[in-house]
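Colleague: Would you be able to build a 3D model of this:
(2 chains)
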Amino acid sequence: KAGVTQTPRYLIKTRGQQVTLSCSPISGHRSVSWYQQTPGQGLQFLFEYFSETQRNKGNFPGRFSGRQFSNSRSEMNVSTLELGDSALYLCASATGAAYNEQFFGPGTRLTVL
Amino acid sequence: QKEVEQNSGPLSVPEGAIASLNCTYSDRGSQSFFWYRQYSGKSPELIMFIYSNGDKEDGRFTAQLNKASQYVSLLIRDSQPSDSATYLCAVNPDALTGANNLFFGTGTRLTVIP
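Modeller: Model (predicted):
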C-alpha cells in the first residue's frame, strides 16, 4: 500500500509571497492533518480535514488555510509569507475512525527568504 | 493548555541495553497516545500506539500507559545503533470521535553506543 505523498518536497519563497502545498493520503484514508515543525516550537497542529470539512484547527493565524477534495487529497496554503514560516510542513493521514493511527508523509521543507 | 513533557536528553545507552523513554501529559481527558521515531532530516515514523491502561508490546518495543498518573513510556529492548533517533510522544484528546489533532512533546534524543 502506497504511503502518504507530499509535493513539492522543497520550496524556496520570498517574504510576501504565497505558497500551496499538496498531500495525498493513504488509499482509503479520509482524514488529513497538517503540522508545522520548527526547531524552536517543535511539532504543532495546524488543522485537520475529514470528508472535505475542516474538523479541527490549531492556533495559527488566518494566513494558514487548507482544503480537502472529494478524493481526500488536501492542500495547504500560506499567504503573505513571513520569515518565521520557514519550517517542515508535515501532512498526516488517518482513517478518521475512532482511535485511529496517524501516518506522516515525508514533508515539505519551506524556506522563506 | 494541553502540554506534553519529555526529557529532551540526550539519552545514551550501550548496544543491547534497554532504553527507557518517558512522557507526561497535562490533559487528563487525553484518549490515545503515540510514540514516533524521527531520524534527522526525516519525517516522524509511527512506532507504537496505545489507548488502554497497561502494556502493549510490539517486537522490541513496549509502550506502557498509566492514565491515573498521566504517564506514558516506551521501552526499547536490545537497543541497536539504528535506534539512534529522536523519539516523539504525542497525545490525542479527541480519539473517541476519530479526530486527529495530536499534541507533541519536544522529543527525546536517543543515542545507542556500539
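Colleague: before we move on, which element is the most centrally placed residue in chain B in?
Modeller: For chain B, the residue sitting closest to the mean C-alpha position, by C-alpha atoms, centre = their mean, is B:Trp35 at 3.4 Å. Following DSSP states H and E, the helix or strand that holds B:Trp35 is strand B:32-38.
Colleague: Can you tell me the strand partners of that strand and which way each runs?
Modeller: strand B:45-50 (antiparallel), strand B:85-92 (antiparallel) (DSSP bridges).
Colleague: Show the average pLDDT along stretch A:70-78.
Modeller: On average, the pLDDT along stretch A:70-78 is 97.
Colleague: how far does that stretch stretch from start to finish?
Modeller: End-to-end distance of stretch A:70-78 (C-alpha to C-alpha, to the nearest Å): 21 Å.
Colleague: try stretch A:82-101
Modeller: 32 Å.
Colleague: For that stretch, which residues meet the burial criterion?
Modeller: A:85-96, A:99-101 (16 or more other C-beta atoms under 10 Å in any protein chain shown). All C-beta spots, glycine's among them, are computed from the backbone N, C-alpha and C.
Colleague: Between all of those residues, which two are separated the most?
Modeller: A:Ser86 and A:Tyr99 (34.3 Å; C-beta to C-beta).
Colleague: in chain A, which spans are strands?
Modeller: With DSSP state E as the criterion, chain A has strands at A:5-7, A:10-13, A:19-24, A:31-38, A:42-50, A:53-57, A:64-68, A:74-78, A:87-94, A:103-104, A:108-112.
Colleague: what does chain B give?
Modeller: Going by DSSP E, chain B shows strands at B:4-6, B:11-14, B:19-25, B:32-38, B:45-50, B:54-58, B:61-66, B:71-76, B:85-92, B:103-104, B:108-113.
Colleague: Compare these and give me the one nearest A:Ile12.
Modeller: Across these, closest to A:Ile12 is strand B:32-38 (C-beta to C-beta), at 23.2 Å.
Colleague: Dump that closest one to PDB, restricted to CA.
Modeller: C-alpha atoms of strand B:32-38 as PDB (Å, rounded to 0.1, in the frame of the first residue of the first chain):
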ATOM      1  CA  SER B  32      -4.900   7.900  22.800                       C
ATOM      2  CA  PHE B  33      -1.100   8.100  22.800                       C
ATOM      3  CA  PHE B  34       1.600   7.700  20.300                       C
ATOM      4  CA  TRP B  35       5.300   7.200  20.000                       C
ATOM      5  CA  TYR B  36       7.000   8.300  16.800                       C
ATOM      6  CA  ARG B  37      10.600   7.900  15.800                       C
ATOM      7  CA  GLN B  38      12.200  10.700  13.800                       C
END
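Colleague: Pick out the residue closest to the middle of chain A.
Modeller: Centrality entry for chain A: nearest residue to the mean C-alpha point is A:Trp34, 3.2 Å, by C-alpha atoms, centre = their mean.
Colleague: still on that earlier bit, which ones among the buried residues of stretch A:82-101 also lie next to chain B?
Modeller: A:88, A:90, A:92, A:94-96, A:99-101 (C-beta under 8 Å from any C-beta of the partner chain).
Colleague: Least confident of these?
Modeller: Lowest pLDDT among those: A:Tyr99, with 84.
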